[in-house]
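In: Show me the folded form of this:
(one chain, ligands or ions: 1)
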Amino acid sequence: MESKIDILSPVDGSVIRTLKAADDTEIGRTVERAAAAQRRWAALAPERRSEILWNWGSLVERHSDEIALLDTRSTGKVLRDSRAEARRGARHARYWAGMADKLYGQELADVGERLSYSRREPLGAYLVILPWNAPAHAFMARSSPPLACGNSVIVKPSELSPLSALRLAELALEAGFPEDVLQVVVGDGRAGGALCGHPQIRGVSFTGSPPTGRAVLRAAADTFKKVTLELGGKSPIVVFPDADLDSAVRAAVQGIATNAGQICAASSRLIVHRDVAREFVDELRRRFERVVVGDPCDDATHVGPIACRRQYERVLELIRGGVADGGSLVMGGGRPAHLAQGPGLYVAPTIVDTGDRRLPIAREEVFGPVLTVDRFRTEEEAVALANDTEFGLAAYVWTRDSARVLRVLHALEAGVVHGNSTLVMDSGLPFGGFKSSGLGGAFGADAVEGCTQTKRVTLRIGAGALPQYWAGV
Ligand code: NAD
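Out: Next up, the predicted model:
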């Protein structure tokens, strides 16, 4: 039976579009086409691959408003943010265009009897599985490196938000990518699972939740695929009393309210020094009250709805549990008063003070606009609290003491740490998680490592006879 996927609006619940989901036969054909196209793609001159990626980036930039609207309609992301993300996505393609002809191997300087060197080669047909929280940006960020390195790519976007993916693949063809080098498979977890288990897929970049990450790793194990996992987070924002508190408060608001908290690196745990905790939380509440929740297409809106009903129910359930467990609700806790009625999946920015208790709400990834508050007295205590989590994606530290900021950043068990700064992502620098937050990394050298394999090449150049191991043979 043909299976369909309805793309629903989180603003009013209406069906935006209905798409056919790929079945096993179609998935099999897509992988075969990807494997064949990869050989042609890798055989192209690197500078041609570079040109095509660059063209793609330019086209995506030119169509960024249209792409942004597709993401906003399907996920509720504020349109302003969707536009910025689509443009950042275009920059990833351009950055990696520059990398296509800069893949270096190694060579020993003293060659002696042999000349040996190593080459970085593509893996083959490469799979990119994406979540729904930043669809166009993640598509560009995760598919540009493997394409630049000579892989063909199949993208399996989230079933909630495949519309921008389909458009980005059309633009790729327009930019000059040969047929089948970049394909999109529409489907849910079943399609993702079938792709992960396919023997002709040689590498996987998965972005999503830790439980699905585990399933991906298991499915990939049978055929020893190279796997990169970008998973969830429960990132701390640690505020010392000597910090620029005004900037730190602003960063705390932005860090958890942006995209309604549906960001893997959201700063969802405030760990604040006892001397400034009351003042800091009071100011945080005042700022949160000024955050506008509502229509994501309105330029005055800061926070749109949660992307889907399942996630919305989960956020509300976690808040209820946090309060039932003994956390005290500082503000928020449910739908904003002005949106109390109606179908939109809105959640007000919420602060739960956990006091001295290590509550589940301060441990589990909520993926909503929910900040927990914890307090510390000493630097050691701050580091211990910050590291007391299964996750290790991002961390943020605020202090004017330059030695302390570095000391703490070095002590934190997280892959992307920021001193006196909000989240920064750079195509050229690693982005990945420690512990349950991931394996390998996107961007920079880590991305090249994740989508290539090393071959050592040896040529005997000495004029002498081959070494004799077995006398008489
Ligand atoms: P999810 O794990 O439910 O789904 C992610 C993708 O995996 C979807 O495309 C889904 O269809 C697919 N999938 C589901 N089951 C599968 C299976 N068995 N095999 C293969 N694929 C399968 O995650 P989500 O709810 O879409 O996204 C939210 C999660 O993503 C959060 O945990 C968030 O922190 C994480 N995330 C991480 C990063 C990062 O860079 N670290 C970035 C964005 C989101």
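In: Looks like residue 432 contacts residue 446 (just checking).
Out: Yes: here residue 432 lies in contact with residue 446, judged by Cβ atoms under 8 Å, at a distance of 6.0 Å. (C-beta placed from N, C-alpha, C; glycine too.)
In: Spell out which residues of the stretch 101-250 of the chain are next to the ligand.
Out: 129-133, 156, 158-159, 188-189, 192-193, 196, 207-209, 212, 215-216, 230-233 (Cβ under 6 Å from any ligand atom).
In: coming back round to it: more neighbours: which of residue 432 and residue 446?
Out: residue 432 (23 against 17; other Cβ atoms under 10 Å).
In: can you pull the contacts of that one?
Out: 228, 230, 415, 416, 438, 439, 440, 441, 442, 446 (Cβ atoms under 8 Å, 6 or more residues apart in numbering).
In: Could you give the number of residues near the closest residue to residue 158 other than its chain neighbours?
Out: Once flanking residues are discounted, residue 158 sits nearest to residue 132: 3.8 Å by Cβ to Cβ, 6 or more residues apart in numbering. The number of residues packed near residue 132 is 22, by other Cβ under 10 Å.
In: Of the residues of the stretch 101-250 of the chain next to the ligand, which belong to strands?
Out: Of these, the ones assigned to strands by DSSP state E are 129, 156, 207, 230.
In: Return the closest of the residues you listed with respect to the ligand.
Out: The closest of those to the ligand turns out to be residue 230 (Cβ to the nearest ligand atom; 3.3 Å).
In: what is that closest one paired to in the beta sheet?
Out: Judged by DSSP bridges, the bridge partners of residue 230 are residue 207, residue 438.
In: Is it in contact with residue 210, as I believe?
Out: No: using Cβ under 8 Å, residue 230 makes no contact with residue 210, being 10.6 Å away.
In: can you list residues touching both of the two?
Out: Contact criterion Cβ under 8 Å, 6+ apart; residues shared by residue 230 and residue 210: none found.
In: More neighbours: which of these two?
Out: residue 230 (28 against 19).
In: show me what contacts that one?
Out: Going by Cβ under 8 Å, 6+ apart, residue 230 touches 205, 206, 207, 208, 264, 431, 432, 433, 438, 441, 442.
In: Any idea how many residues pack against the fourth one?
Out: When counting by other Cβ under 10 Å, one arrives at 23 neighbours for residue 208.
In: cool, the third one as well?
Out: The tally of other residues near residue 207 (other Cβ under 10 Å) stands at 23.
In: can you check the fifth one too?
Out: Burial of residue 264, expressed as a neighbour count using other Cβ under 10 Å, amounts to 27.
In: Name whatever forms a beta bridge with the nearest residue to residue 166 once chain neighbours are set aside.
Out: Excluding the flanking residues, the one nearest residue 166 by Cβ to Cβ, 6+ apart is residue 184, at 5.7 Å. Under the criterion DSSP bridges, residue 184 forms beta bridges with residue 155.
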